[in-house]
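Enquirer: Turn this into a structure:
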Amino acid sequence: QLQLVESGGGLVQPGGSLRISCAASGFTLDYYAIGWFRQAPGKEREGVSCISSSGGITNYADSVKGRIAISRDNAKNTAYLQMNSLKPEDTAVYYCAAYLRDMCVQRVTSWGQGTQVTVSS
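Expert: This is a model prediction of the structure:
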């Protein structure tokens, strides 16, 4: 069974850092681009970042550029999102997703269940 499982979410103060993870089971991530999305209460899901299968191409939403870094460790079948200088507006459920193939321009085929990130003092 193909599965993506996010972990590492939690409560963090404004200006703090958090790293969330996305572990795959039932398939290998090596051949697939991985994206991170988020959905805040009352808002639509939005793309945050994406990384190609090789890790050589990354992209970020303007709202998180310079504060967030996406990475992957194919040997561990896991992708990560390092979030720094967090703001209250970063509060959302964060989802990872696997794309059809190696690049982020293709469609998403698998979703994780999400992990809650709350930025508050």
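Enquirer: sec struct for the spatially most central residue of the chain, please.
Expert: In the chain, the centroid-proximal residue (CA atoms, centre = their mean) is residue 36; its distance is 2.8 Å. Classification of residue 36 by DSSP: H, G, I helix; E, B strand; the rest coil places it in strand.
Enquirer: who's in contact with the closest residue to it other than its chain neighbours?
Expert: The shortest distance from residue 36 to any non-neighbouring residue, by CB to CB, 6 or more residues apart in numbering, is to residue 48 (4.5 Å). In short, each C-beta sits where N, CA and C put it, glycine included. By CB atoms under 8 Å, 6 or more residues apart in numbering, residue 48 lies in contact with 35-38, 60-61, 64, 68, 81, 94.
Enquirer: Kindly report the same for residue 101.
Expert: By CB under 8 Å, 6+ apart, residue 101 lies in contact with 31-33, 53.
Enquirer: which SSE is the residue nearest to residue 36 in?
Expert: Using DSSP states H and E, residue 48 falls within strand 46-51.
Enquirer: so where's this protein shaky on pLDDT?
Expert: By pLDDT under 70, the weakly predicted segments of the chain are 1.
Enquirer: Could I get the full set of strands for the protein?
Expert: 3-7, 10-12, 18-25, 34-39, 46-51, 58-60, 68-73, 78-83, 92-99, 108-111, 115-119 (DSSP state E).
Enquirer: on that earlier part again, what's the closest of the contacts of residue 101 to residue 12?
Expert: Using CB to CB, residue 33 comes nearest to residue 12 of the contacts of residue 101, at 27.1 Å.
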